[in-house]
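Q: With the input below, show me the fold.
(chains A and B)
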Number of protein chains: 2
Amino acid sequence: MATDVPEQRQTRRGREARQAARLARAVETLPYLTRKLAPVEVIATEGLEQIEHNADTLLEQVGIEIVNYPDAVEIFRLAGAEVEGARVRFPRGMCRALINATAPRVFTQRARNEARSVVIGDPHMVLVPTYGSPFVHDLDHGRRYATIEDFRNFVKLTYTSHTLHHGGGTLCEPVDLPVNKRHFDMVYSHIRWSDRAFMGSVTHPDRARDSVDMARIVFGAETLETEHVIMGLANANSPMSWDFNMLGSAKAYAEANQVMLITPFILGGAMAPVTVAAQATQTLAEALAGMAFCQIVRPGAPVIFGSFASSMSMQTGAPTFGTPEPQLVLFVLAALSRRLGVPFRSGGNFTASKVPDYQAAYESAVSFMATMQAGVNFNLHTAG
Amino acid sequence: MATDVPEQRQTRRGREARQAARLARAVETLPYLTRKLAPVEVIATEGLEQIEHNADTLLEQVGIEIVNYPDAVEIFRLAGAEVEGARVRFPRGMCRALINATAPRVFTQRARNEARSVVIGDPHMVLVPTYGSPFVHDLDHGRRYATIEDFRNFVKLTYTSHTLHHGGGTLCEPVDLPVNKRHFDMVYSHIRWSDRAFMGSVTHPDRARDSVDMARIVFGAETLETEHVIMGLANANSPMSWDFNMLGSAKAYAEANQVMLITPFILGGAMAPVTVAAQATQTLAEALAGMAFCQIVRPGAPVIFGSFASSMSMQTGAPTFGTPEPQLVLFVLAALSRRLGVPFRSGGNFTASKVPDYQAAYESAVSFMATMQAGVNFNLHTAG
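A: Here you go, the predicted structure:
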């Protein structure tokens, strides 16, 4: 009845036209950015060489403690490292040589929609949503624990974003699901509600293997032998330590020829000294060990050199984000990554503020400017 | 009676100790910043050379229209420019040669408190409060026209700031005072309520001379012959025009050996084409003419190459601030200024938002990052 009213038909045609226009516009989205400006440098070559030298000294003299993972110790020993219990020490240059020999400078992570596959490495920049928050905030309920329904919504939001290039991974932590099954629902959501490239679980090596197995179902097992379709993110247990869950997950991804993002997560003053130079040195040492591990497990499996450096309040111990020092660390590590010859991940829109206020914007803007100017290749925490 | 209570005496001593600590801290304030990082470059030398070439073509073929100021036309003619009515055309390279011959690369603006004198030019950065707003905003009355009482308060606030290095000029426009007397109260406020370096009036050549005369009373007439104690800010009437008030005021400051800040104020799309290259070219041409004028009037009088480039909404004509294009203009003009060999002014914390919200913070942060990274020497609109 109402459909016979001419005005309403006109309105419908108008709406359809607008929908068509919106769909047409979506096609124009770039799959990733390609940088034309030279990266901003804050340190001269001699400074970078000194940091590299000192990182090798750390690896040689202090070494890395491998927590609860004798198999990894044995893997390192067979590759030439010196082992003393759970402590692994690396002859000077060993990790760098392993990485240089086989890790790709640039690689493609294939998405289900191949138009959305991303090229990771210089001079490209892939913008990725935020990762790992256990809390979400909405206007109706304020700050609360995240659920799998939130996770699905973030997958859909990311899917429809014009400025994000990658589906991300743990878009939030769906704490309404048990930890040992959560990863199935998360990976499934990425596959079901998006056609972008995505990340799998790393909370246990078994869950990492489950994630890779799900990717095999979607892309075909043989595809994974030649292409990279899923990524895992391992954080070191700084200072100078890697544990079973992280390195075991790294092994699961690398064995399957998939992408491993090796990221020391360092709050200056807590897991490293407070100075920029020391944070950069320790990050490089820990990341070298992690990336070398992947290359021993499967030469040629793609790795990304990651840094998540931030500061903390030395009075309260509270982490602070968006402060100036981590941006200097970012610039330094981006330069070190270029010298090493692997893609680099860091940065994002960081703030210590819990609400979208003036502080949140100012800190985010300054952090993200550094991210863009340093030429970061894989930008986790861009939005969300 | 109450003073005999021991607790209160303790409190007083505590307060005195805190006051003493605060005063001691104030002494540590730096008079200006000295940059150690190389400026960020966004354009190669060939691009800069092309902009310089095109600016000379503009000056040679289009020329500058001198509005209502035949004396300035005559000054330019005697220096070698070609005159046709109010239109002045410059032989290629003439303005640059005049500036190169006598304008200082670096100079000191003396403050009443000599510990607060500022060195203007590479590698130094002087942070200066905002300039020229007719409106102020407070929690009690919201947005309203500014008064001389507001002006005095801004002088005092600037005086007590640890991060601003200069007293600034028109901290707000005190519209409760008649325009033809306003400058006396403004300059007096800078002298009475602060000991920092400051700026005088440019709204009419007579008022510029009044400002310089007041500086003579404070510093002594002979001081001005050898030192620079006051600064004026002239905006071109873009495109390609300078008028009587601006150039007449520039003459007043230059004649007295004082500092002239020559700043084309260009909204892309309104007073210049919208492209970054065109805005940079036109800004350079207009500024070259203005700075050359000062050098003809008094060789060696300090000039600062200024750029206030912003964008505007091409739908409504509203000015927009804090957008990306002006930051590219800023980087390009900073590089051109280094090649010319004069101090550079631009940037600040810019936003199109009228309130201190998320947009204001994000736009301000991104604008100010560009300001700092480009190595701007005199940063008007840092705060306020």
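
Q: To what extent is the residue nearest to residue A:223 when sequence neighbours are not counted buried, counted in neighbours?
A: Of all residues not flanking residue A:223 in the chain, residue A:229 sits nearest, at 6.6 Å (C-beta to C-beta, 6 or more residues apart in numbering or on different chains). Every C-beta, even on glycine, is put in place using the N, C-alpha and C of the backbone. When neighbours are defined as other C-beta atoms under 10 Å in any protein chain shown, residue A:229 has 25 of them.

Q: didn't residue A:229 look like it was pressed against residue A:110?
A: Yes: Residue A:229 lies in contact with residue A:110 (C-beta atoms under 8 Å); the separation is 5.0 Å.

Q: what's the overlap in contacts for the two?
A: A:197, A:219, A:223 (C-beta atoms under 8 Å, 6 or more residues apart in numbering or on different chains).

Q: can you list these in a markdown table and add secondary structure and neighbour count?
A: A markdown table is the format used below for these (DSSP: H, G, I helix; E, B strand; the rest coil; neighbours: other C-beta atoms under 10 Å in any protein chain shown):
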| residue | secondary structure | neighbour count |
| --- | --- | --- |
| A:197 | coil | 29 |
| A:219 | helix | 17 |
| A:223 | helix | 15 |
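
Q: Just name the closest of the residues you listed to residue B:101, please.
A: residue A:197 (59.9 Å; C-beta to C-beta).

Q: quick one: the closest one from residue A:116, how far?
A: Plainly put, residue A:197 is 7 Å away from residue A:116 if you go by C-beta to C-beta, to the nearest Å.

Q: Kindly report the same for residue A:378.
A: Applying C-beta to C-beta, the value for residue A:378 to residue A:116 is 15 Å.

Q: and those two? which has more neighbours close in?
A: Remark: of residue A:378 and residue A:116, residue A:378 carries more neighbours, 28 against 20, as counted by other C-beta under 10 Å.

Q: Could you count how many residues lie near residue A:36?
A: The number of residues near residue A:36, taken as other C-beta under 10 Å, comes to 7.

Q: Doesn't it lie inside a strand?
A: No: counting by DSSP: H, G, I helix; E, B strand; the rest coil, residue A:36 is not found in a strand; it is coil.

Q: so what's it closest to, chain neighbours aside?
A: residue A:123 (7.6 Å).

Q: distance between the longest strand along chain A and the chain's centre?
A: Ordering each strand of chain A by length in residues (DSSP state E) puts strand A:259-268 first. Centre-to-centre, strand A:259-268 and its host chain are 8 Å apart (C-alpha atoms, centre = their mean, to the nearest Å).

Q: which phi and psi does residue A:359 have?
A: For residue A:359, the backbone dihedrals (degrees, to the nearest 10) come out as phi -60, psi -40.

Q: That should have said residue A:210, apologies.
A: When read as degrees, to the nearest 10, the backbone of residue A:210 gives phi -60, psi -40.

Q: For residue B:192, see how far away it is.
A: Relative to residue B:192, residue A:210 is positioned 74 Å away (C-beta to C-beta).

Q: Please identify which of the two sits among more neighbours.
A: residue A:210 (18 against 11).

Q: helix/strand/coil for the closest residue to the more buried one other than its chain neighbours?
A: Among residues not flanking residue A:210 along the chain, residue A:183 sits closest, at 6.1 Å (C-beta to C-beta, 6+ apart). Here residue A:183 is recorded as helix under three-state DSSP.

Q: per-residue pLDDT, residue A:183?
A: You'll see residue A:183 listed with a pLDDT of 98.

Q: Please, which helix or strand holds the nearest residue to residue A:280 once chain neighbours are set aside?
A: Distances taken as C-beta to C-beta, 6+ apart place residue A:332 nearest to residue A:280, at 4.4 Å, with adjacent residues excluded. Following DSSP states H and E, one finds residue A:332 within helix A:324-340.

Q: got the angle for that helix vs strand A:259-268?
A: Here helix A:324-340 runs at an angle of 140 degrees relative to strand A:259-268 (axes from the mean of the first three to the mean of the last three C-alpha atoms, to 10 degrees).

Q: got the contact list for the closest residue to chain B within the stretch 101-250 of chain A?
A: Here the residue of the stretch 101-250 of chain A nearest chain B is residue A:163; by C-beta to the nearest C-beta that distance is 13.7 Å. With contact taken as C-beta under 8 Å, 6+ apart, residue A:163 is in contact with A:127, A:382, A:383.

Q: and if you look at residue A:164?
A: A:127, A:128, A:129, A:158, A:382, A:383.

Q: okay if I get those as JSON lines plus secondary structure and distance to residue A:366?
A: Shown next, in JSON lines, are those (DSSP: H, G, I helix; E, B strand; the rest coil; distance: C-beta to C-beta, whole Å):
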{"residue": "A:127", "secondary structure": "strand", "distance to residue A:366": "17"}
{"residue": "A:128", "secondary structure": "coil", "distance to residue A:366": "19"}
{"residue": "A:129", "secondary structure": "coil", "distance to residue A:366": "20"}
{"residue": "A:158", "secondary structure": "helix", "distance to residue A:366": "24"}
{"residue": "A:382", "secondary structure": "coil", "distance to residue A:366": "15"}
{"residue": "A:383", "secondary structure": "coil", "distance to residue A:366": "16"}
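
Q: which of those residues tops the neighbour count?
A: Ranking the contacts of residue A:164 using other C-beta under 10 Å puts residue A:128 first, with 28 neighbours.

Q: pLDDT wise, what is residue A:36 at?
A: At residue A:36, the pLDDT value in this model is 92.

Q: how close does residue A:271 get to chain B?
A: Using C-beta to the nearest C-beta, to the nearest Å, residue A:271 is found at 27 Å from chain B.

Q: Which residue is the nearest non-sequential neighbour of that residue?
A: Nearest to residue A:271 is residue A:238, by C-beta to C-beta, 6+ apart, at 3.7 Å.

Q: ok, that neighbour to residue A:175 distance?
A: Distance from residue A:238 to residue A:175, by C-beta to C-beta: 25 Å.

Q: now do residue A:54
A: For residue A:54 relative to residue A:175 (C-beta to C-beta), the value is 40 Å.

Q: Repeat that for residue A:283.
A: Residue A:283 is 29 Å from residue A:175, by C-beta to C-beta.

Q: between those two, which one's more packed in?
A: residue A:283 (30 against 16).

Q: Validate this expectation: that one resides in a strand.
A: No: read with three-state DSSP, residue A:283 is helix and lies in no strand.

Q: Just give me the neighbour total for the closest residue to it other than its chain neighbours.
A: In this structure, residue A:283 finds its nearest non-sequential neighbour in residue A:264, 4.6 Å apart by C-beta to C-beta, 6+ apart. Neighbour count for residue A:264, taken as other C-beta under 10 Å: 30.

Q: partners of residue A:264 in the sheet?
A: Beta-bridge partners recorded for residue A:264 (DSSP bridges): residue A:236.

Q: buried set for stretch A:222-239?
A: Residues of stretch A:222-239 classed as buried: A:224, A:227-239 (neighbour count, 16 or more other C-beta atoms under 10 Å in any protein chain shown).

Q: Can you pull up the residues of the stretch 1-150 of chain A that come close to chain B?
A: A:37, A:38, A:40, A:41, A:42 (C-beta under 8 Å from any C-beta of the partner chain).
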